[in-house]
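Enquirer: using only what follows, build the 3D model:
(chains A and B)
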Amino acid sequence: MIRPRSKVAATLSLLLCGCSIQHYQSTFSDAAVEVRQFNTLFVIFLSVCAVMYVLVIAFLIGGIGRRRRAEANVVENGTHHATNPLLRTGLMVWGAMVGIGLIALAIASFFADRSMAQAAAHERLSITLTANQWWWDVQYNSADASKTLRAANEIHLPVGVPVRILLRSNDVIHSFWVPSLAGKQDLIPGRENDISITPTKVGLYRGQCAEFCGAQHANMAMVVQVEPYADFLKWWQDGLKPAAVPTTPLAQAGYQYVTTRECAMCHAVGGTTAGGTVGPDLTHFASARSIAAGTLPMTDANIRKWVDDPQGVKPGTKMPKVPLQPSDLSAVVAYLETLK
Amino acid sequence: MSRGDPKAVEAENRRLAEERKKLARDGPKLNGARLEARLDKTWGRPHGFLGWLATVDHKEIGRRYIITALIFLALGGVLSLIMRLQLARPDGHIVGAARYNELFTMHGSTMMFLFAVPIMEGIAVYIIPLMLGTRSTSFPRLNAFSYYMYLFGGLMLWGAFALNIAPDIGWFAYTPLSGPQFSPGKRADIWAQMITFTEVSALAAAVVLVATILKCRAPGMTLARMPLFAWAMLVVAVMIIFAMPSIALCSGMLISDRLVGTQFYNHYEHGDALLWQHLFWFFGHPEVYIIFLPATGFVSVIVETFCRRPVFAYPVVVLALVSTGILAFGLWVHHMFATGLPRVGYSFYTAASMTVAIPTGLQIYCWLATMWDGRPRFQVPMLYVVGFIVTFVIGGLSGVIIAAVPLDLELHDTYFIVAHFHYVLIGGAVFPLLGILTYWFPKMTGRMMSETLGKIGFWILFIGFQVTFFPMHFAGLLGMPRRVYTYPAGQGLELPNLLSTIGAFAVASAVLLFVINGVVSYFRGAPAPDNPWDASTLEWAVRSPPPSYNFEHVPVVESRTPLWDEKGELPVITGLRVDDKETLLTTVVAATPDLREPIAEASLWPFIASCATGIFFITSIFSPWAIAFGAIPTAIAMAAWFWPSSLKRHPEPVIG
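Expert: The predicted structure follows:
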């Protein structure tokens, strides 16, 4: 009953995302409980601040306007000036207004903070996110270790399920931020933080590192796909499968290269001997939407461009330029394309 | 002396008193042109280039501070233009990632450490002694030292930029990114040593200002009659004294982590990366008020003069300044909401951050009430005050928004923050600064700035500023983080960024127009009378530009607005030596005459000491041994500096 409807919703929202793509990394969103709370509180603050601002500007305009009624340009005596009693009362009223306004806002903020903290207590899914210069290592935790899934730069979340993301860093301080879903939280080496998100709308949301983390801070993005629970489970099951076995001779040559040469030093490909953990897991590399944490869209041409000269595409990236023979390059690219 | 024969002591005292009577002093017998010539001989600058380096005249030093800081403003501004060009379109290719990181690091460090704080200190060093009715700052050699340290720190940073070894770690240099593992090379060290230069300089200037404001005021200028700008600078100088040791500590630990392998910030060795942020923001947040509070002093000065009325509710403004200064030390954590600190503390820091809005709100009310009750004249400085209120209040209110943890978690480290702090720093500090430079320009140069050019410049700046920074609020809400060298197309970021770039060029042209106006007016401006704005404070009682000795006779003050209340000549106190540099010290609260203090002669030693210290700091980037060897010439220079030149020069009681 539910599945077809959700699928329609998913397709629709994907279409919507396609049409108004600018909202997929934006706080003008209602895609999660957290961002809704943000927007409610933001509107409250904005309203109170707007009233205050209007009062200040009205007083300013009044002060300027009054000038025209003044008769002469007289210096008042500094020691004996008589203060207008109205202005003194005004000072007290203004002080009280500022004080009461701030107290009200502080209380609103306090309750928003509390409710976010409470939501965090009901998590049903746990993800460990580890930041690296400049990519995201995502691990889906399961009580059954064989079901723990590792992926890079893409997070899949089931809609309506509170998720708790544990945040760690392998090098410098980064910050996890998907504006359409929730606020940010830093990933700090030597510490473990966490953030809770309850997505309420199926869709595709972009996030990126929000704490300056070195040369390629700007190219450290990720995509969050919120999908119906069943789709999420299916994706998880698929993710646990080992990498596809190459069939074409070219891809087989690429398989040989990747699993026996430089690539395997850093990268893992599930079901093969390539087991490096320094770089992103490549088991389902080609099913991701982008290459190198949002640097390039996933196309065959871009895979070639990236493997050929990572330093040219993303200067400073930790992936070195490996001087590949043209034939090897084609083979590696052909193999990577099979890793759906 | 105390153990000697009482008769001999008495005889000696009498002899000294006789001797003192013979000294040349200002008074009924010595005044007018003869006195001026005599004073100028005593206080004037020594001849030649060495004299220029040796001078300890607070006006010379203040002027150098201001001009140097304005040059750094221009340099930092050019960097921001390059950044705006890069961000004008998505996927820009004007500069690469590494260069862009250098640009924003240089921009932030230059604006914070080499422009904003020094120019406030420079203006204070120039104006405060005139405003307080004294002949010099206290510790004039320390004052000169402070300027040279600042200059060398700035030259080192920009020299490094020219040599392509500029820092690229942000003006905040978070560890571990700035640590030895992730920033090999010397870039981070150069940043950290630049901090060392500026903190030494700022501490020296702060000590000078505190002592000057508390001890050198004209007789009768009680604390309750002190101009509000002096109050603002007193609070700021005390804040510098409390805030700078914190950054000295954290940058010192960073240097030692990088240079000699300590592990303060390395969590693998039980250090802590977050330690840096606590120490840095314990300085960094007060730093913002160190920039903003002098500007509130400027606003009070301008509002008073151009509204023809003393600032409304003086005690409220003073209390607001003091309480802002104290509160500033209690809210550093609002820079760290996203670091995962205990949730219990969040609400406390939210409330503390919002509390700052109360004194600031009251100050705004007081200025507006002064305008309401006075008779404002809208000349250029006053226009800047109106621009300040319209702009700064937006920044203050967006500050209230980001004080709330749930809101800050979304907005932190986005362009919303960039918009916020440019509204408070440009709107809140640079607008009043340009106003006050226009205001004090005639006093400093003896020429008026062009009113027409000033008004055109103001409007270009005001509109250009809004066009630049208002769209940044939206860029932030649309998900644009700070410190990114590029952004992808299709996220709705194109329009706000293009507007910001266009606006940035308008802002730059307005600043350029201001400089042109200043230069042209310096040579061709209408000659300024002593008191062109008909202002109330003592700096307008002296010639424009002021003579080397400031005041012929020390003025006596009987109200908060002496030049408005004394229709004729200011009452004066006489009897200071004119054959030697001497000033009158007064008591801290009531400003009754206390001592006649000899003032240090011009000397090359502060310059030499700062050269020695500069070499010491710069070489210690490369080797820890430089700390041992560099200390020797520094110690020698300091010893020579403090070598007593004449045993006869010591403070004397007023009644002698």
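Enquirer: not counting its neighbours along the chain, what's nearest residue B:26?
Expert: In this structure, residue B:26 finds its nearest non-sequential neighbour in residue B:574, 5.1 Å apart by CB to CB, 6 or more residues apart in numbering or on different chains. The C-beta positions use only the backbone N, C-alpha and C, and glycine is treated the same way.
Enquirer: and chain B, what are its domains?
Expert: B:29-298+B:531-656, B:383-528 (automatic domain parsing).
Enquirer: next, format those domains as a markdown table and append distance to residue A:237 and mean neighbour count.
Expert: Shown next, in a markdown table, are the domains of chain B (distance: least, CB to CB, whole Å; neighbours: other CB atoms under 10 Å in any protein chain shown):
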| stretch | distance to residue A:237 | mean neighbour count |
| --- | --- | --- |
| domain B:29-298+B:531-656 | 37 | 20 |
| domain B:383-528 | 32 | 21 |
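Enquirer: would you turn those domains into JSON lines with distance to residue B:348?
Expert: Converted to JSON lines, those look like this (distance: least, CB to CB, whole Å):
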{"stretch": "domain B:29-298+B:531-656", "distance to residue B:348": "15"}
{"stretch": "domain B:383-528", "distance to residue B:348": "10"}
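Enquirer: out of the ones you listed, flag the one nearest residue A:123.
Expert: When these are compared by CB to CB, domain B:383-528 sits nearest residue A:123, at 17.7 Å.
Enquirer: sorry, back to before: of all the domains of chain B, which one comes closest to residue A:230?
Expert: domain B:383-528 (29.5 Å).
Enquirer: how far away is whichever residue of the stretch 551-656 of chain B sits closest to chain A from residue B:301?
Expert: The nearest approach of the stretch 551-656 of chain B to chain A comes at residue B:561, 3.0 Å away (CB to the nearest CB). The spacing between residue B:561 and residue B:301, counted by CB to CB, to the nearest Å, is 12 Å.
Enquirer: then residue B:316?
Expert: For residue B:316 relative to residue B:301 (CB to CB), the value is 17 Å.
Enquirer: so in chain A, where's the weakest helix or strand by average pLDDT?
Expert: helix A:2-19 (a mean of 43; mean pLDDT, DSSP states H and E).
Enquirer: list the contacts of whatever residue of the stretch 351-500 of chain B ends up closest to chain A.
Expert: As assessed by CB to the nearest CB, chain A sits closest to residue B:409 within the stretch 351-500 of chain B, at 2.7 Å. Residues in contact with residue B:409 (CB atoms under 8 Å, 6 or more residues apart in numbering or on different chains) are A:38, A:182, A:183, A:184, A:185, B:337, B:338.
Enquirer: what's the closest non-adjacent residue to the fourth one?
Expert: Closest residue to residue A:184 in three dimensions, ignoring its sequence neighbours and counting by CB to CB, 6+ apart: residue A:177, at 3.7 Å.
Enquirer: quick check, that neighbour in contact with residue A:195.
Expert: No. Using CB atoms under 8 Å, residue A:177 makes no contact with residue A:195, being 9.4 Å away.
Enquirer: what do those two both touch?
Expert: In contact with both residue A:177 and residue A:195: A:183, A:184, using CB under 8 Å, 6+ apart.
Enquirer: related to what we said a few turns ago, return every residue with contacts to both of residue B:561 and residue B:301.
Expert: What both residue B:561 and residue B:301 touch, as defined by CB under 8 Å, 6+ apart, is the set residue B:537.
Enquirer: correct me if wrong: the residue nearest to residue B:26 contacts residue B:35.
Expert: No. Counting by CB under 8 Å, residue B:35 is not a contact partner of residue B:574; they are 9.7 Å apart.
Enquirer: please enumerate the shared neighbours of these two.
Expert: By CB under 8 Å, 6+ apart, the residues touching both residue B:574 and residue B:35 are residue B:26.
Enquirer: residue B:25 pairs with what?
Expert: For residue B:25, the beta-bridge partners under DSSP bridges are residue B:577.
Enquirer: what mean pLDDT does stretch B:270-286 have?
Expert: What stretch B:270-286 shows for mean pLDDT is 94.
Enquirer: does that stretch reach chain A?
Expert: Yes. Remark: stretch B:270-286 sits within contact range of chain A at B:272, B:273, B:274, by CB under 8 Å from any CB of the partner chain.
Enquirer: low-confidence stretches in the stretch 551-656 of chain B?
Expert: Across the stretch 551-656 of chain B, residues meeting the criterion (pLDDT under 70) sit at B:645-650, B:655-656.
Enquirer: who in the stretch 151-300 of chain B is up against chain A?
Expert: Looking at chain A, the residues of the stretch 151-300 of chain B close enough under CB under 8 Å from any CB are B:168, B:170, B:174, B:176, B:177, B:181, B:182, B:267, B:268, B:272, B:273, B:274.
Enquirer: from these, which is closest to residue A:275?
Expert: residue B:268 (24.2 Å).
Enquirer: test my guess that that closest one contacts residue A:170.
Expert: No. Look at residue B:268 against residue A:170 with CB under 8 Å: they stay out of range, at 11.6 Å.
Enquirer: past the one helix or strand residue B:295 maps to, which element shows up next along the chain?
Expert: Using DSSP states H and E, residue B:295 sits in helix B:273-306. Note on helix B:273-306: by DSSP H and E, the next helix or strand toward the C-terminus is helix B:314-327.
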